[in-house]
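1. Got a sequence here, can you build the structure:
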Amino acid sequence: MSVAGKNLKYLRKLRGWTQEEFAIKLKIKRSLLGAYEEERADPRIEVLEQVRSIFKLSLDELLLKELTDNKSGSYLDKRRAQKLSAATNEICLVPVKAAAGYLAGYADPEFIDELNTFTLPMLAPGNYRAFEIIGDSMLPTPSGSVIVGEKVNSLEDVKSNNTYIVVSRQEGIVYKRIMKNNRSKNKWTLVSDNPTFQPYTIDAEDVLEVWQSQMVLARANTQQRWDVNQLAGLVSNLQQQVSSMKKSLKN
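-> Okay, the predicted model is just below:
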């Protein structure tokens with residue numbers, strides 16, 4: 001019997017999927033996936049094609065090689081080598097459902113290697129990551145947009161009034177404008193573009209990562225339309241918030 005069943009189990013656990021979740025992706029019953037993993041049955045070719053596509057493997061690798069074999073190079077080793085040799089920027093996508101796992105695994109190469117990736121040829125060479133955002137706090141950027149950010153290597157390089165993805169222990173992953181306090185360098189004020197959301201302050205020491213936004217990817221026809229009365233109210237609210245922030249920065 002081939003090693004395909006062992007490989008399916010290994011790849012599933014690498015992504016952190018349950019048998020039920022993996023079976024849904026492969027469009028088969030969970031019991032059938034269990035039979036494959038326990039080597040009670042050989043995976044059908046159409047199932048292997050699905051796995052090959054998801055994990056960017058060849059059929060020979062799935063059928064003939066144990067992917068955990070470190071002697072000839074494990075699956076993870078080969079994925080890392082592929083990314084390093086790629087001529088274009090591979091951008092890891094952090095969907096909302098992976099946000100909690102990202103806080104624990106943002107510095108874990110194995111976790112990052114298993115995130116789905118894409119490329120954008122218009123970006124200059126650099127270290128990029130993409131984050132899906134949910135909610136209305138950054139309107140007119142719609143909920144469900146993907147923010148492509150470039151890694152900020154030093155917190156000293158963060159510039160006031162620019163938009164960033166901020167990853168912190170207390171707030172998780174948020175997309176905001178950062179206002180730095182010149183009098184208290186260890187405090188940042190995070191401001192929403194939608195003025196109905198109040199600014200709030202975080203400790204810079206609590207920040208794990210910062211990614212400066214470079215591009216916003218959104219579905220067509222999802223931009224919110226505003227009427228004149230709405231805009232007038234939002235502008236008034238924004239002016240009040242700016243006045244309040246100016247006073248607090250002077251104190």
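2. Every contact and neighbour count from this point should use C-alpha atoms.
-> Will do.
3. need the strands for this structure, in chain order.
-> Here the chain has its strands, by DSSP state E, at 91-94, 117-118, 128-132, 146-151, 163-168, 172-180, 187-191, 200-203, 207-217.
4. quick one: the helices in the stretch 1-150 of the chain?
-> When assigned using DSSP state H, counting those that start in this stretch, the helices of the stretch 1-150 of the chain occupy the ranges 4-15, 19-26, 30-37, 45-55, 59-64, 75-85, 99-105, 109-113.
5. mean confidence score for the last one?
-> This points to helix 109-113. The average of the pLDDT scores along helix 109-113 is 86.
6. right, so of the strands of the chain, which gets closest to Ala100?
-> Comparison of those against Ala100 by CA to CA identifies strand 172-180 as nearest, at 7.7 Å.
7. So which other helices or strands are in contact with that closest one?
-> Under the contact criterion of 3 or more CA pairs under 8 Å, 6 or more residues apart in numbering; DSSP states H and E, strand 172-180 touches helix 99-105, strand 163-168, strand 187-191.
8. Now do the buried residues in the first one.
-> It stands for helix 99-105. Ala99, Tyr102, Leu103 (16 or more other CA atoms under 10 Å).
9. That one packs against which elements?
-> helix 109-113, strand 172-180.
10. Check the last one too.
-> Counting by 3+ CA pairs under 8 Å, 6+ apart, the packing neighbours recorded for strand 187-191 are strand 172-180, strand 200-203.
11. Looking at these, which one is packed in the most?
-> Of all those, strand 172-180 has the most neighbours on average by mean count of other CA atoms under 10 Å, namely a mean of 21.
12. Within the sheet, what are the partner strands of that one, with directions?
-> Using DSSP bridges, the strands paired with strand 172-180 are strand 163-168 (antiparallel), strand 187-191 (antiparallel).
13. Nearest spatial neighbour of Ile173, chain-adjacent residues omitted?
-> Leaving aside its sequence neighbours, Ile173 sits nearest to Val167 (CA to CA, 6 or more residues apart in numbering; 4.6 Å).
14. In contact with the one you found, which residues?
-> With contact set as CA atoms under 8 Å, 6 or more residues apart in numbering, Val167 has these partners: Leu103, Ile173, Val174, Val207, Leu208, Glu209, Val210.
15. so where is the protein shaky, pLDDT-wise?
-> Scanning the chain for pLDDT under 70 picks out the ranges 1-2, 69-88, 222-242, 244-251.
16. rerun at 80
-> Applying pLDDT under 80 to the chain flags residues 1-2, 68-89, 125, 182-185, 221-251.
17. on that earlier part again, can you lay out the helices of the stretch 1-150 of the chain as TSV showing distance to Leu123?
-> Shown next, in TSV, are the helices of the stretch 1-150 of the chain (distance: least, CA to CA, whole Å):
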stretch	distance to Leu123
helix 4-15	28
helix 19-26	31
helix 30-37	40
helix 45-55	25
helix 59-64	33
helix 75-85	16
helix 99-105	24
helix 109-113	20
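18. Ok, which of those helices comes nearest Ser137?
-> Closest to Ser137 of these is helix 99-105 (CA to CA; 17.5 Å).
19. So what touches the closest one?
-> With contact meaning CA under 8 Å, 6+ apart, helix 99-105 is reached by Val94, Phe111, Ile112, Val167, Ser168, Arg169, Gly172, Ile173.
20. now do 7 Å
-> With CA atoms under 7 Å, 6 or more residues apart in numbering as the test, helix 99-105 has contacts from Phe111, Gly172, Ile173.
21. Ok, stretch 203-223 next?
-> Outside stretch 203-223, the residues that touch it by CA under 7 Å, 6+ apart are 140-142, 145-152, 163-169, 186-188.
22. How about stretch 171-184?
-> Identification of contacts with stretch 171-184 by CA under 7 Å, 6+ apart yields 99, 103, 160-167, 187-192, 249.
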